[in-house]
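# model the structure of this input:
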Amino acid sequence: MNGKKWIGISLILLAATLLILSGCVFWADPFFHYRKPKDYLYYELSDQRSQNDGITRHFDYDAIITGTSMTENFSASQFDELFGTNSIKVCYSGATYKEIDDNLKVSYDSGHEPLYVLRGLDYTLLVRDKDELRLDMGEYPEYLTNKNPFDDVKYLLNKDVIVSYTLPVFINLIKGTPGGHTSFDSYSYTAHNYNYSKDAVLMGRWKFKKPETVNEASEEELTMLSENMEANVVELAAAHPETTFLYFFPPYSMAYFGGVREEGNLDKELLFKEKAIDMMLEYDNIHIYSFTMETDITADLDRYRDQAHYDQNVNSWIIEKIAEAEKTDSSEFRITAGNKDEYLAKEKDLLENFDYNSLLDR
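Model prediction:
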């Protein structure tokens, strides 16, 4: 065999191999980039950034649970039982408001009309640039979210996709595993990975000090907040009055607020929250919930793995309280135009005067 023939055969074999591999990824489509899951295949859901777009675009559902890691331990089946829905849970750990909002827009762009969107609004992400993405968490898979078919090669010939996602689909098929996918109770569930305890929250802290100075919000911060909320929270609700948006401020622990107060930023944080609430109250289909006042939870540090992240039982409690409020249209946890001023005044009084050092009792 001469050199030219050998090179030609090698190129043909290489092309055939690449075609077969890309064909396997296309057929199995473990990220649901092209279509909804095949009924007879079983899919493992394990990669939020890579799979959420396809889930939101192609799955059948009428409700969405989304947000950062503060929403990962929600049970979709509990939400469905209480709200009579068929929901998906598409969380983005550490994501900015934009990343979450971009995914929600995919739902409407793909023809879905969700009845409900349950979404957490993290305090720590309120004052961010409206276009910010968490690029520090790895390359953002734009080849999965854009409309350019030519960069699909990054998906079809991706070693990790082939080995870690496509191959297991074929193995499950050979083993006779019934078709389906990881449940939305289990997808993104992280409670079993952490230790929830007071010691984990306090991390060696022995005192909460009074603030030496009280910092004021700058015009730049307020502008950034307004633009972030407008672009990534209220704009979508304004465009889709058919959906009820259940927005909630996660119940960060009192240790978190003790640290914010010590740094002199408590007044700023409460002002940011008030401005965000004012913007959301302009829309009847946005229902706002806040759980700061429930100190049976927020002051019980054994329910947390750090200053912000609560255990799965708190997630369950949040759904219960929101469901109760939606059925009765009255709740101590729902903020409305009628009770906003009273609620915020009580919240400010609690957070300014709470004995944070009582949290340190061991």
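
# chain center to stretch 92-105, what's the gap?
Relative to its chain's centre, stretch 92-105 lies at 7 Å (CA atoms, centre = their mean, to the nearest Å).

# got the CA coordinates for it in CSV?
The C-alpha coordinates for stretch 92-105 follow below in CSV (Å, rounded to 0.1, in the frame of the first residue of the first chain):
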residue,chain,number,x,y,z
TYR,A,92,-28.5,27.1,38.2
SER,A,93,-26.2,27.0,41.1
GLY,A,94,-24.5,30.4,41.6
ALA,A,95,-26.2,31.9,38.6
THR,A,96,-26.9,35.6,38.1
TYR,A,97,-30.4,36.9,37.5
LYS,A,98,-29.7,37.1,33.8
GLU,A,99,-28.8,33.4,33.4
ILE,A,100,-32.0,32.4,35.1
ASP,A,101,-34.1,34.8,33.1
ASP,A,102,-32.6,33.8,29.8
ASN,A,103,-33.6,30.2,30.5
LEU,A,104,-37.2,31.3,31.4
LYS,A,105,-37.4,33.2,28.1
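
# any idea how far K89 lies from D122?
17 Å (CB to CB, to the nearest Å). C-beta: built from backbone N, CA, C; applies to glycine.

# so which of the two has more stuff around it?
K89 (30 against 21; other CB atoms under 10 Å).

# I'd like the average pLDDT over the strand or helix carrying N103.
Element membership of N103 [criterion: DSSP states H and E] is helix 97-109. For helix 97-109, mean pLDDT is 97.

# got the angle between the helix or strand following that helix and helix 97-109?
Going down the chain from helix 97-109, the next helix or strand is strand 116-120, by DSSP H and E. Relative orientation of strand 116-120 and helix 97-109, computed by axes from the mean of the first three to the mean of the last three CA atoms, to 10 degrees: 170 degrees.

# contacts for strand 116-120, please.
Residues from elsewhere that reach strand 116-120 (CB atoms under 8 Å, 6 or more residues apart in numbering): 62-68, 70-71, 74, 79, 83, 85, 87, 100, 104, 243-250, 319, 322.

# now do the buried residues in the helix or strand just after that strand.
The first helix or strand that comes after strand 116-120 along the chain, using DSSP H and E, is helix 142-145. Going by neighbour count (16 or more other CB atoms under 10 Å), the buried part of helix 142-145 is 143-145.

# please tell me how far the closest residue to T292 other than its chain neighbours sits from D311.
In space, and not counting its chain neighbours, T292 is closest to E347: 5.4 Å by CB to CB, 6 or more residues apart in numbering. Distance, E347 to D311, by CB to CB: 23 Å.

# what's the answer for G180, then?
Distance, G180 to D311, by CB to CB: 28 Å.

# when the two are compared, which one has more neighbours?
D311 (17 against 13).

# quick check, pLDDT for L157.
95.

# quick one: contacts for it?
By CB under 8 Å, 6+ apart, the neighbours of L157 are 18, 21-22, 25.

# show residues contacting the one helix or strand L350 maps to.
According to DSSP H and E, L350 maps onto helix 340-353. Applying CB under 8 Å, 6+ apart, the set of residues contacting helix 340-353 from outside is 257, 261, 266, 270, 273-274, 277-278, 281, 290, 292-293, 295, 335.

# buried set for that helix?
343-344, 347-348, 351.

# same deal with stretch 70-80?
Buried, per 16+ other CB under 10 Å, within stretch 70-80: 70-76, 78-80.

# what residues are up against D152?
33, 143.

# grab the most central residue of this structure for me.
Most central in the chain under CA atoms, centre = their mean is G67, positioned 2.1 Å from the mean C-alpha point.

# still on that earlier bit, return the subset of the contacts of helix 340-353 lying in strands.
With DSSP state E as the criterion, strands contain 290, 335 from among the contacts of helix 340-353.
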